[in-house]
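Compute the structure for the input listed below.
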Amino acid sequence: MKNVVITIILIGIVFCSCKKNPEKPGDPGNPGNGQPVSGIADTLSNRLIFLLATKKQGNSPAGSGSGSLQISLKDTLYLSGSLQRPVQILHTDTTQNVSGVWIQVHTGASIGGVASYYYEVPEVKDMEENDTISVIMIGMDTGGLQLPQTFSVKITPYDKNKQPLGEKTIPAKLDHPKVDLPGNGSSCGLSLPAGEHWSWDLSYINGNDDYEFFNQPGKAFSTGGADIEGSCCNGNSKWPEFCTGEYQHNRTLHFNTYYTIKFENFSFLSNGSFMRTTLEDSPVPWPAESDFCAGGAGKVKESLKLTDYGGTWEVMPVNVPANAHASLRDDTHELRLLTTSSSGTGYGNPGGVIHQLDCDQGTLVLAQVNAGGSFINPIFKFYSRHRNGEPKWYHF
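Here you go, the predicted structure:
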């Protein structure tokens, strides 16, 4: 089987293209506005939005211990009106595969307890063919709520047989989104203290029932591989030669090649310069070391490419078009990147409209025009604040 990483992306309704589950009950009220405490958990649960989900009455199945599960959250899960934040769960047990999660809202016994129902959320279709990653989409309608709100979400991963693999209750805080820019009294901003950087989490373009485009570290593209011809001559493998007396190859092997970006990190310096580092993984066929007589898959050779980029950055006022994606219409600044040096090929990543910059919560969200040059359905890119040497995974 395989190691599995689940990414849970928390989406404010303001730019979620999916619909609420039609079987949800009506909103019983607004927490903090005189509503009986018994309904608060259901109210918050009713505001959750999923790409695909099934609502079930009662308590979610209990996970028996956490096993080898790890999670990328250090402590609190922060949500805001237009924030998308990935939560990754790593499962190192290669005998199991996570195919979805159960989600249930908890508010504490003193203010409402546990929601009367939970959600069964399968992995996103776009990631089903990936050997190591499953993605669950979660959103929340923040309209009309008194902010900040605090509650908890219990997350229980399950396998293909609907058996729980563990559980974790995560404290959550819902607040207004922030854009920490120079001059607004923020504690930092794009330019982080020495020894810290912004690490890419994911990118996507919204679709109706799925994503038009989705990418995150480790997602494999061009997974169809390559078929290469060679020869088997009296039990001896040959490439690129033919067998004696023959004028074409007599065997074909399949080589499992792919392309993936393992990470992208940014450091923005206060002097207006930036450093960007990417690591790409694109194994190449190795027919000379493959056995065309044995059949099966051909050997591939590791090909990791670490590229360092340098250049300048600036934050400028921007007027987003009137027909831009609804989530961008109140955004007022953009990050402009001018890459002037590269240790590899290409320059990439011009920056984008700053949709969210919250250095205290450690979130940066940029919006870039799509391939057609439009902001109607842009590419959203998400980064998290990290300290050099800080562990990525925490005990589940």
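
domain assignment for this structure?
For the chain, the structural domains run 4-175, 178-222+257-396, going by automatic domain parsing.

ranking these by burial, who's on top?
domain 4-175 (a mean of 18; mean count of other C-beta atoms under 10 Å). C-betas here are computed from N, CA, C, even on glycine.

so for that domain, what's the average pLDDT?
Averaging pLDDT along domain 4-175 yields 73.

picking that back up, who wins for proximity to Cys233 among the domains of the chain?
With distances scored as C-beta to C-beta, the stretch of the domains of the chain nearest to Cys233 is domain 178-222+257-396 (8.5 Å).

what's the span of that closest one, first residue to last?
Distance across domain 178-222+257-396, first residue to last, is 28 Å (C-alpha to C-alpha, to the nearest Å).

do stretch 228-239 as well
One end of stretch 228-239 sits 10 Å from the other (C-alpha to C-alpha).

give me the beta-bridge partners of the residue nearest the centre of the chain?
Centre of the chain computed as the mean C-alpha position; nearest residue by C-alpha atoms, centre = their mean is Leu202, 4.0 Å away. The bridge-partner assignment for Leu202, based on DSSP bridges, gives Phe382.

same thing with His197?
The residues listed as beta-bridge partners of His197 by DSSP bridges are His386.

pull the CA atoms of the strand or helix carrying Met316 into CSV?
Following DSSP states H and E, the helix or strand that holds Met316 is strand 304-317. This file holds the C-alpha atoms of strand 304-317, laid out as CSV (Å, rounded to 0.1, in the frame of the first residue of the first chain):
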residue,chain,number,x,y,z
LEU,A,304,16.2,16.0,-8.6
LYS,A,305,16.7,19.7,-9.6
LEU,A,306,17.2,22.3,-6.9
THR,A,307,16.9,25.8,-8.3
ASP,A,308,17.7,29.1,-6.6
TYR,A,309,16.1,32.3,-7.9
GLY,A,310,16.8,35.9,-6.9
GLY,A,311,15.2,39.2,-7.7
THR,A,312,13.2,42.2,-6.3
TRP,A,313,9.8,42.5,-4.8
GLU,A,314,7.4,45.4,-4.1
VAL,A,315,3.8,45.8,-2.9
MET,A,316,1.7,48.1,-5.1
PRO,A,317,-1.9,49.3,-5.1
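
Check which helices and strands it is in contact with.
In terms of contacts (3 or more C-beta pairs under 8 Å, 6 or more residues apart in numbering; DSSP states H and E), strand 304-317 is packed against strand 273-281, strand 333-342.

any idea of the mean pLDDT in the shortest one?
It refers to strand 273-281. On average, the pLDDT along strand 273-281 is 96.

What are the contacting residues of it?
Taking C-beta atoms under 8 Å, 6 or more residues apart in numbering as the criterion, the residues outside strand 273-281 that touch it are 258-269, 302-313, 337, 339, 348-349.

returning to that earlier point: test my guess that the residue nearest to the centre of the chain contacts Arg85.
No. Taking C-beta atoms under 8 Å as the contact criterion, Leu202 and Arg85 are not neighbours in contact, 9.7 Å apart.

Export the helices and strands packed on strand 304-317 as CSV, with columns for distance to Leu51.
CSV is the format used below for the helices and strands packed on strand 304-317 (distance: least, C-beta to C-beta, whole Å):
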stretch, distance to Leu51
strand 273-281, 28
strand 333-342, 28
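
nearest to Gly372, of those?
When the helices and strands packed on strand 304-317 are compared for distance to Gly372 using C-beta to C-beta, the nearest one is strand 333-342, at 18.5 Å.

and the residue of the chain positioned farthest from its centre, helix, strand or coil?
Seen from the C-alpha centroid of the chain, the residue lying at the greatest distance (C-alpha atoms, centre = their mean) is Gly245, 54.7 Å away. Gly245 carries the three-state label coil when classified by DSSP: H, G, I helix; E, B strand; the rest coil.

Please apply the same query to Ile170.
At Ile170 the chain is in strand, as set by three-state DSSP.

Good, we can wrap up now.
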